[in-house]
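K.L.:
Just need the structure, nothing else, for what follows:
(2 chains)
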Amino acid sequence: MSAPHLRPSTLVLLLLALQLGALALVLWDTGREHAARRHATRASAQLTRWLGLTDPALFTEAHYTRHPSLHGPQAALFDHPLAQDHFPSGSLLTAPPALAWWRSQALDSIEEQP
Amino acid sequence: MTRWLAQQRYLMDYALAALGRQKGRALGLWAVYALLVFVLASVMLFTQGLRQEVTQVLEHAPEVVVQRLVGGRAALIEPGYAERLGRLRGVQRVAPRLWGYHYDSVHRANYTFMVPTADAPAPGQVLLGQALARQRGAEPGDIVAFNDYTGAVVTYTVAGMLPAASELMSADLLLMNEADFRRFFQLPEGHYTDLALSMANPAEARNVARKIAERLPDARPVLRDELLRSYASVFDWREGMVLAVLSGALLAFAILAWDKASGLSAQERREIGILKAIGWETGDVLRMKFWEGVLLSATAFLAGYVAAHLHVFYAGGALFRPVLQGWGTIYPRFELVPTVDGLQLFTLFFFTVVPFTAAVLLPCWKAAIADPDAVMRS
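P.N.:
From the prediction side, this is the model:
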């Protein structure tokens, strides 16, 4: 006995239904508790509180990419004014001019505030 | 209603049969489409997940970190500095921090050596971050050796590992006690790397920072709020950078889609002419083309988005690892909490599915409203 012939639209609609089911699973996945991963966030928070950490260990290649919050945006140019930032992370991490401006404004506001 | 549904099914059948006649072209377009959505969605989900994780964790960072600057560079905190800050109204506690970098030329890696302010390891013992331990193949009880700042080789016993769950923050950390740290870096007594300040009232942190800047002009206070805002901006910037790089791919896809959709081949034009000549309405032709665009783009979008979710949250964003790692030899293993931003999802859907469907419909509408005889002859 031969298999029943499915119309192309039936096949594609079935595929679409499957994909929508997968999307529903993805949305369900983002809504559920994720106990193990929340535990990881809590462990990181606990360690941060214990050691007083200021930066994630995402870029360990250079000092100013390891702790960008403590080095300031000019750190890559410390060796001389025209020094180039030769570490790849620098191109991902360096603050845009607007942010550098904002940062300097923020520091100024600390000094100027009555 | 049933009749309308049956009609749409027949139109879909016809549209799919038309795509089937150019199987290679249609499959190629679908694959490029799905790949593009996959890459764009991966960048968005990874950045969003990382931003959320880092923000939640850094809320526990010190309220204010004070560095001392000499010639624009961070210098050691001298004796008496912490006491002067401790006398400022609003400052509850001043915790001097000792930490520094060590470059291991054998493994070509930068480590961060640190002294915990409480529960420090016993003399001669160290606690290692998981990525550092992995790189050196160290287990608890092993001996690890480093060249200190006099050039001598010093050895420490690995007392334990920092929790694997905290690797995002602790990958390259090595914790030791104060005496060992001072001996290793030849750091004089009473000097510290920087100071972590706790406030009696956290809302006063900005005022305290202003007072610090007034009374100690060589001090640089870094506020936690500023740190959080900077990181949020840095992730936005990074996402923007990657998306800017990908905009080339997006444009290439737009050209491909436009070329495919707008440049109706002579065969397709003739087909539309024949359909009109045998009695199809303009609306039927447009509906048929609408289904062609929707089925192709919706299935490609869903495939790309679901694959991106799996890539970012279940494969650790493996494709981004080389970009983020750069030249660093230590990289943390971490799993992000799955997150979805409805607006982001809608934006991605809107900017990928709608233009493509529109690009399919417009030229067909032009051909469909023309005289069938003229279309067939053109």
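
K.L.:
Identify, by residue count, the longest strand of chain B.
P.N.:
Ranked by residue count under DSSP state E, the longest strand found in chain B is strand B:91-104.

K.L.:
Show me what it is in contact with.
P.N.:
A:52, A:63, A:66, B:62, B:65, B:77, B:82, B:85-86, B:109-115, B:117, B:146, B:174, B:178, B:181-182, B:184-185, B:187, B:192-200, B:208 (C-beta atoms under 8 Å, 6 or more residues apart in numbering or on different chains). No exception for glycine: its C-beta is placed from N, CA and C like everyone else's.

K.L.:
How about the helix or strand that it is followed by and chain A, touching?
P.N.:
For strand B:91-104, the following helix or strand on the C-terminal side (DSSP states H and E) is strand B:109-115. Yes: contact between strand B:109-115 and chain A, assessed by C-beta under 8 Å from any C-beta of the partner chain, occurs at B:109-110, B:112, B:114.

K.L.:
same thing with stretch B:288-304?
P.N.:
Yes: residues of stretch B:288-304 contacting chain A under C-beta under 8 Å from any C-beta: B:295, B:298-299, B:302-303.

K.L.:
next one: that stretch to chain centre, how far?
P.N.:
Mean C-alpha position of stretch B:288-304 versus that of the full chain (C-alpha atoms, centre = their mean, to the nearest Å) differs by 28 Å.

K.L.:
Tell me how many other residues crowd B:Thr117.
P.N.:
16 (other C-beta atoms under 10 Å in any protein chain shown).

K.L.:
and the residue lying closest to it once chain neighbours are set aside, how far is that from A:Gly52?
P.N.:
Here the nearest residue to B:Thr117 in space, its sequence neighbours aside, is B:Ala95; by C-beta to C-beta, 6 or more residues apart in numbering or on different chains that works out to 4.9 Å. Remark: distance between B:Ala95 and A:Gly52 (C-beta to C-beta, to the nearest Å) = 6 Å.

K.L.:
So for the two, which sits in the more crowded spot?
P.N.:
Looking at B:Ala95 and A:Gly52 with other C-beta under 10 Å, you find the greater number of neighbours at A:Gly52, namely 22 against 16.

K.L.:
Please report phi then psi for that one.
P.N.:
Backbone torsions for A:Gly52, taken as degrees, to the nearest 10, come to phi 70, psi 40.

K.L.:
element containing A:Gly21, please.
P.N.:
Using DSSP H and E, the element containing A:Gly21 is helix A:8-31.

K.L.:
near chain B, anything from that helix?
P.N.:
Yes: using C-beta under 8 Å from any C-beta, helix A:8-31 reaches chain B at A:8-9, A:12-13, A:15-16, A:19-20, A:22-23, A:26-27, A:29-30.

K.L.:
ok, of the residues you listed, which come out buried?
P.N.:
A:8-9, A:12, A:19, A:22-23, A:26, A:30 (16 or more other C-beta atoms under 10 Å in any protein chain shown).

K.L.:
got the contact list for the helix holding A:Gly21?
P.N.:
B:9-10, B:12-13, B:16-17, B:20, B:295, B:298-299, B:302-303, B:305-306, B:309, B:313, B:338-340.

K.L.:
Tell me where chain B is predicted with low confidence.
P.N.:
Across chain B, residues meeting the criterion (pLDDT under 70) sit at B:1, B:237-242, B:245, B:260-264, B:324-326, B:375-378.

K.L.:
Which strands or helices does the longest helix belonging to it pack on?
P.N.:
In chain B, with assignment by DSSP state H, the single longest helix is helix B:224-262. For helix B:224-262, the packing partners by 3 or more C-beta pairs under 8 Å, 6 or more residues apart in numbering or on different chains; DSSP states H and E come out as helix A:68-71, helix A:88-93, helix A:97-112, helix B:23-58, helix B:205-215, helix B:342-369.

K.L.:
what about the third one, average pLDDT?
P.N.:
Mean per-residue pLDDT for helix A:97-112: 53.

K.L.:
Pull the number of nearby residues for B:Val126.
P.N.:
Neighbourhood size, B:Val126 [other C-beta under 10 Å]: 23.

K.L.:
Distance-wise, check it relative to B:Leu174.
P.N.:
Using C-beta to C-beta, one gets 5 Å for the distance from B:Val126 to B:Leu174.

K.L.:
okay, and the common contacts of these two?
P.N.:
By C-beta under 8 Å, 6+ apart, no residue touches both B:Val126 and B:Leu174.

K.L.:
just to revisit the earlier point, list residues touching both of B:Ala95 and A:Gly52?
P.N.:
B:62, B:117, B:196.

K.L.:
Surely the second one and B:Pro62 touch.
P.N.:
No: using C-beta atoms under 8 Å as the test, B:Thr117 is too far from B:Pro62 to be in contact (10.3 Å).

K.L.:
before we move on, the earlier item: any chance of the helices and strands packed on helix B:224-262 in TSV, with distance to B:Ala257 and mean neighbour count too?
P.N.:
TSV is the format used below for the helices and strands packed on helix B:224-262 (distance: least, C-beta to C-beta, whole Å; neighbours: other C-beta atoms under 10 Å in any protein chain shown):
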stretch	distance to B:Ala257	mean neighbour count
helix A:68-71	39	21
helix A:88-93	29	19
helix A:97-112	33	13
helix B:23-58	7	19
helix B:205-215	50	19
helix B:342-369	5	16
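
K.L.:
Can you name the residues that contact B:Glu178?
P.N.:
B:98, B:115, B:120.

K.L.:
just B:Leu132 next, same as before
P.N.:
B:Leu132 touches B:109, B:111, B:138, B:171-174, B:330, counting by C-beta under 8 Å, 6+ apart.

K.L.:
so how many other residues sit close to the residue nearest to B:Ala277 when sequence neighbours are not counted?
P.N.:
What sits nearest to B:Ala277 in space, not counting adjacent residues and going by C-beta to C-beta, 6+ apart, is B:Pro372, at 4.3 Å. Counted with other C-beta under 10 Å, the neighbours of B:Pro372 add up to 18.
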